[in-house]
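Novice: Sequence and predicted structure below; questions after.
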Amino acid sequence: VQLQASGGGLVQAGGSLRLSCAVSGFTLDYYCIGWFRQAPGKEREGVSCIRRNGDSTSYADSVKGRFTISRDNAKNTVYLQMNSLKPEDTAVYYCAAKKYTAYDYWGQGTLVTVSS
């Protein structure tokens, strides 16, 4: 079982990035996928998640209206489109998979740096 997060990088404030979470070893259809982030010196926080059928999504208040999560089950990939990025969005972003109540599988993280 593996989750591979990618797409991070350096971007100016106001810019955009799209993160991808490619999963292997299990069928994406049966899992909820979440994006989390951890900034230096801060605790990890939930950013967004998408339910199995893709119809239900949720977002942290800090990213609502700027980030969009989506999934392509055929490609076994979940995306996080991040627009209007702010310096406070700088963090390592992780994707994780949950089948029932807990996130069982985690990716290695991808660094997003937003310069002011």
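Specialist: Structure's in. What do you need? Keep in mind that this is a model prediction, so the values were computed, not measured.
Novice: Pull the contacting residues for the most centrally placed residue in the chain.
Specialist: Of all residues in the chain, the one closest to the mean position by CA atoms, centre = their mean is residue 35, 3.0 Å from it. Neighbour list for residue 35: 19, 21, 46-49, 69, 78, 80, 93-96 [criterion: CB atoms under 8 Å, 6 or more residues apart in numbering]. Placement of C-beta: from N, CA and C, glycine included.
Novice: quick one: contacts for the nearest residue to it once chain neighbours are set aside?
Specialist: Of all residues not flanking residue 35 in the chain, residue 47 sits nearest, at 4.4 Å (CB to CB, 6 or more residues apart in numbering). Contact analysis of residue 47 by CB under 8 Å, 6+ apart lists 34, 35, 36, 37, 59, 60, 63, 67, 80, 93.
Novice: Residue 81 now?
Specialist: 16, 18, 67, 68, 69, 70.
Novice: If we use 7 Å, what do you get?
Specialist: Neighbour list for residue 81: 18, 67, 68 [criterion: CB atoms under 7 Å, 6 or more residues apart in numbering].
Novice: Pretty sure the first one sits against residue 7.
Specialist: Yes: under the criterion of CB atoms under 7 Å, residue 18 is in contact with residue 7, at a separation of 5.5 Å.
Novice: So between the two, which is more surrounded?
Specialist: residue 7 (16 against 13; other CB atoms under 10 Å).
Novice: count of neighbours near the closest residue to residue 46 other than its chain neighbours?
Specialist: Nearest non-adjacent residue to residue 46, counting by CB to CB, 6+ apart: residue 36, 5.5 Å away. The tally of other residues near residue 36 (other CB under 10 Å) stands at 21.
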